[in-house]
Every structure is written in structure tokens, then in C-alpha cells.
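J.: Take a look and give me a structure for this.
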Amino acid sequence: MRNCVLIIILSLTLHPCHGKNRVCVTDKISNEPPNVLPLMMRNGNVIEPSDGVKISDVTGCCSVLKCDDEQEEVSPQMNRRVIGQMPQMNEEQALAVLEDAKAAWKGGAGTWPQMSLGDRIKAIELFLEELKSSRDKIIKVLMWEIGKNVNDATSEFDRTVQFIRQMIEEIKQDPEFNSAWETIGATNVFVRRTAIGVILCLGPYNYPLNETWAIALSALLVGNVLVLKIPTVGGLCHLLTMDAFSKALPTGTINFISGSGRTTMPPLMRTGLIDGLGFIGGSNAADALIKEHPSPHRLKLFLQLEAKNMAIFLSNLFAPDNSSLLDSSIDEAVTGSTSYNGQRCTALKIIFVPHEQAEVFIEKFVTKVEDLAIGLPWDSSKDGGYPKVTPLPNQKRISYMKQLIDDAISKGAKIVNKNGGSIIGGADSTLMVPAVLFPVTKDMDVYYEEQFGPVIPIVPYEDINTVLEYGRDGDYGQQVSIFTSNEGASVASDVLDQFSAVFGKININSQCGRSPDSVPFSGRRSSAMGVMSVKYAVREFSVPTVIAYKDKNSNSDIVNEIQQYSRFMEKL
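T.: Numbers count the residues shown, from 1 in each chain. From the prediction side, this is the model:
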């Protein structure tokens, strides 16, 4: 049988990977699609779905051409490969999973919450060890399902494992987890953070492993029982973790629900059995879900929501002596706005440039955008690199990008980069060339809405106060990037001081980002509730419990004897 040829049909001119408007092409299919079986996890066992559970095909985001064995040439018929299948639970089936979680929690008396912290750490370390055999397949799934290139998919897996290991080391060093007795006046106290209860976790499609696990494993380590809603897009990787969880954790400790969130999530909330919500997604969906809880005042919340992160270029940066600094700053802005197609909550979503220097900025910025490699996640160029621009996960994202672009153009903006907004590969493709829009103004949707994709709005400003007002009066408060030189230090410091009460992180001459994971990742207003990092995440899903006694009579001897038997007070 002949090898099929993997190629993208272009309405543009096809350039080699090392040229401008680069489109990487793989001559032969060297990366066969994965085949992920539909799996469920019940009572600690990984099982195939029963006859009563519907199954849906999951297709990759990378369109390919079919090979016709009857012809010498490749047929021009587009298709999407089925790369796996996902169980689609209904309300009754989701509620049954919640009952498993309830039984495992058992009012705090279940096997997992009653284990010592040291034993839970050993269990999670065993899980990481068991997961090693699935690493390559998970990486491949991230490439095929959501379009992450080889480097980004590999980084997501490895960074996630490293995050968990760092978190474990942090716990071992943290006095609130590795506790000792302290005398305060006449009272002796022992403080250790412990679980909240049943935690419902909903992760995103763009970092389905990293961001979901940052919540899930944080909650598990401190003794919570978890119900994890597998995302509709980007969910196949979670099926590949079930076997490792099953081998490492007690029955019912982690529970998976897949299918429509609108069908399965509200009924779970209405039971009142959910004690905490870890949610990464849109604020409207979060609000609707929280309102379903009969006692929302006792629902512990950790939310990572929208962001409209700003990049602000100050006029001093455009002085002739700062040409090298300007170039490096624009490099940061290009990477910050286009990395993984702008599908990051930390992506730069809007760029403000001085009106007088806008032409210079646009020329430099566009040149760098046009030089980005475009292609499928596994394509490689002659220099060994991988595409920076890859397919979006589905047509819904393409439609939203087009909607924002059309609205901006109708109100006076232009696409200023070559082929910006074009779709490569035909009508069924989701491979979009980034669209740089200029000038973007207040009456355009993209000025306010989070695009979460390869659309880059650039706003010229006459007065820095208009930029300050945008940041202060906006709905979001995650991050901002300020690009400046020494000459602009006084202006930059004023921007920084005002935005210190608005944003969770202020970046100087660098793009926005979550790393390093040891640094608090927070947000304000409609961007976040809670703090993520290897140190803070476990605090979001735990509360301090205090053991106390007064040192009189024989209390000290009694407490020492109790501690010898207590799993809760056991030393790490």
C-alpha cells in the first residue's frame, strides 16, 4: 500500500518553512493519529461504557487529505480523522458518579481523607510513576485534538508533572502542613491544613492537562475527594490518566464525568453535595453554575476566568538609541499575542501604541508576524522548529474570529498583515493566519471582548490617560505588560502604581505569563478568585484545623499519647 501524502491545500502561495508566510508541510504521514478508547471510571475501576451510555466520536483539529488506493495521485477530498471516542453521560449517570464521590468522602471519614498526609503524598507519587507509560500518547493526543505543536504538547505534560512534584516539596517545607507544636501564652497549638470535602473541578480545553491538574492534584493532596468534569474539547487526555489513578488511589477518590456540561453539571450542584468548585472558563458559565447550589454561601470557590491582558508601549521606547530594546519588546509582544494562536488566558489580547509611532510599530510588528511558521503540530522546518500557528480546535472558534474581524473592519479597522484572517486548507480547515487589526477603536467589539484566538487588535493612543482608564474601568484584572526604556521610568512607574490595584501581575518589557509556577498567579474583578502556584493552590482547597490544649495537670502527656496514634497529626 502506498504512503498517503499529508498536505494542506492553499489558496495562497506555498512557501518553504524557512521563508516569509511560512507554511510547513510534511511529505509523508509520519505522525499517525491516536486511537483513544471510550473509558469510564466507577468504584475505582476503569471500565468500558455500558449499553446505556452514549458514545461520540472525537475528531482531531488537523484536516488531512485522504489517499485513494485506486489512483496514483492524492484525492482532494478533505476529512477529519476520528482520534478517539468519548462517553456522553446523562443526568442520571452523572448523579451516580457523584454518589461514588459522596461515599468516598463519607463525611470526612472516607479512606482518602483519613489517610495521613504522608501516605497521600506517596499515593500521588505512585500515580506520577504509573503515568509515565502514557506520556507519549498523551502528548500525541494534545497535538491531534487541540493543535498544540510538538514542543508545546511535550511541555504541557512535563511541566504538569514538575508542578505536582514542586507542590509536594513545598508541602513538606510548609509549617501549615508539616506542623509542630507552638506555645502561645498558656495554650499549646498544633495547626495543619486539611480537606474541605467533595470538590467539583472543571478545566479548560487549551491546557486540559496542566491547568486542570493544578486544581485537581492540589485538592487531592490535602484529602479532598474529586469529581472531574472532562472538557468537551481537549478531553481525551484525561481518559489516558484513568488507569494510573485507578492503580494509585483508593476507590472513589477521583471520579470522572464526561458529556454535556449543561446536562450534567447543574443537577450535581443542585444536590448540595458539592463543597468546593474549581473552575477555569467563562464567568457567565461560572455564575450560572454557582447559582444552582442550594447553599452557595458555603461553596468554596476557586475561579480562573476571562482576561483582556494589555500591552502598553510608551513613546520613549521609540527613540533612535532604543532600537535594540524596541525590537526585543516587539518580539515579546508578538510571542505574547500569538503563542498557541493566542489561546491562553495570559495572552496579550490588546496592544496600545503611541499614535505618532504607530506606523513604525506596525511595520516591525507585522514583519515578525508574517515570519511565523504556520502548519500542523508535528510539521518541522529545516531548522528543526515547529509551527507557531496551528489549527484552532473547531469551526466555532473560526466563526468567532471572523465575527470580530468583520465587526472591526466595518467600523474602520484594516487587516495590516499579508493574508491575515485567511483560512488555509479549504472550508473545513481551522488553520487561520493571524489577523493584525489596526486602528482599533472603542466602538469595536474586539476592543472589549476576549478573542482567545489569532486576532491581534492594535490601538493607537494620544494620551496615556486613555490607556489608564481602559485598565482601571475594564471588567478584567489579570495581567498587563508595560514596555519602556530608562527615559520613560517616571511614566512607567505611574502606570505601575495605578495598575498595582487593578492587576494580579505587572510585567516590565516582557509578555504576560503564568510561570514560574512558584510565583502567585492571581487576578481581580472578573478574571479570577483565588491564587494559583505550587505554594498557594493547596491553600485554596484546604482549611486550617487547630488542635489546642492548656499545659496543666497531665494534659501534655495525654496529648503526646494521642499524637502517637493520630493519622492527622502524623509527622511527614
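J.: Name the single longest helix found in this structure.
T.: In the chain, assigned by DSSP state H, the helix with the most residues is helix 150-173.
J.: Mind giving me the packing neighbours of that one?
T.: helix 117-131, helix 135-146, helix 210-221, helix 537-540 (3 or more CB pairs under 8 Å, 6 or more residues apart in numbering; DSSP states H and E). For every residue, glycine as well, the C-beta is placed using N, CA and C.
J.: Can you point out the buried residues in it?
T.: 150, 152-157, 159-161, 163-164, 166-168, 170-171 (16 or more other CB atoms under 10 Å).
J.: for stretch 181-197, same thing?
T.: Result for stretch 181-197 [16+ other CB under 10 Å]: buried residues 181, 188, 190, 191, 192, 193, 194, 195, 196, 197.
J.: same question, stretch 312-324
T.: 312, 313, 314, 315, 316, 317, 318, 322.
J.: State the three-state secondary structure for the last one.
T.: This means residue 322. The assignment at residue 322 comes out as helix when based on DSSP: H, G, I helix; E, B strand; the rest coil.
J.: ok, now the one 4 residues further on?
T.: At residue 326, secondary structure determined by three-state DSSP is helix.
J.: contacting residues for the spatially closest residue to it that is not a sequence neighbour?
T.: Distances taken as CB to CB, 6 or more residues apart in numbering place residue 317 nearest to residue 326, at 5.4 Å, with adjacent residues excluded. Going by CB atoms under 8 Å, 6 or more residues apart in numbering, residue 317 touches 325, 326, 329, 483, 484, 485, 488.
J.: Turn those residues into a markdown table, columns for neighbour count, pLDDT and distance to residue 279.
T.: Formatted as a markdown table, the contacts of residue 317 follow (neighbours: other CB atoms under 10 Å; pLDDT from 0 to 100; distance: CB to CB, whole Å):
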| residue | neighbour count | pLDDT | distance to residue 279 |
| --- | --- | --- | --- |
| 325 | 18 | 98 | 40 |
| 326 | 20 | 98 | 39 |
| 329 | 25 | 98 | 34 |
| 483 | 27 | 98 | 32 |
| 484 | 24 | 98 | 35 |
| 485 | 19 | 97 | 40 |
| 488 | 19 | 93 | 39 |
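J.: taking these one by one, which sit in helices?
T.: Checking the contacts of residue 317 against DSSP H, those in helices are 325, 326, 329.
J.: tally of neighbours for residue 119?
T.: When counting by other CB atoms under 10 Å, one arrives at 12 neighbours for residue 119.
J.: Quick check: pLDDT value at it.
T.: In this model, residue 119 is scored at 97, pLDDT.
J.: Contact partners for the residue lying closest to it once chain neighbours are set aside?
T.: Nearest residue to residue 119 in three dimensions, chain neighbours excluded: residue 567, at 7.9 Å (CB to CB, 6+ apart). Contact analysis of residue 567 by CB under 8 Å, 6+ apart lists 114, 115, 116, 119.
J.: Show me how the record splits the protein into domains.
T.: Following automatic domain parsing, one gets these domains for the chain: 40-53+89-304, 309-518.
J.: angle of the longest helix of the chain against helix 117-131?
T.: Calculated by axes from the mean of the first three to the mean of the last three CA atoms, to 10 degrees, helix 150-173 forms an angle of 160 degrees with helix 117-131.
J.: quick check: angle from helix 150-173 to helix 135-146?
T.: Going by the same axes, to 10 degrees, helix 150-173 makes 120 degrees with helix 135-146.
J.: Toward the C-terminus, what is the element adjacent to helix 150-173?
T.: The helix or strand immediately downstream of helix 150-173 is strand 182-184, counting by DSSP states H and E.
J.: List the residues that contact the closest residue to residue 356 other than its chain neighbours.
T.: Sequence neighbours aside, residue 315 is the residue nearest to residue 356 in space, at 7.0 Å (criterion: CB to CB, 6+ apart). Residue 315 makes contacts with 354, 356, 357, 488, as judged by CB under 8 Å, 6+ apart.
J.: Try it again at 10 Å.
T.: Shown in contact with residue 315 (CB atoms under 10 Å, 6 or more residues apart in numbering): 353, 354, 355, 356, 357, 461, 464, 484, 485, 487, 488, 491.
J.: cool, and residue 137?
T.: So residue 137 contacts 34, 35, 36, 236, 237, 240 (CB under 10 Å, 6+ apart).
J.: tell me the average confidence for stretch 178-198?
T.: For stretch 178-198, mean pLDDT rounds to 93.
J.: which residues are contacting the one helix or strand residue 262 maps to?
T.: Per DSSP H and E, residue 262 falls inside helix 261-270. The contact list for helix 261-270 (CB under 10 Å, 6+ apart) reads 88-95, 97-98, 101, 198, 200, 202, 227, 229-232, 257-259, 274, 277, 279, 281, 285, 288-294, 296, 299.
J.: what about 7 Å?
T.: Helix 261-270 has contacts (CB atoms under 7 Å, 6 or more residues apart in numbering) with 89-91, 94-95, 98, 200, 229, 257, 274, 289, 292-294.
J.: Write the ChimeraX selection for whichever of those residues are buried.
T.: ChimeraX command restricting those to the buried ones, with burial defined by 16+ other CB under 10 Å:
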select :89,94,95,98,200,229,257,274,289,292,293
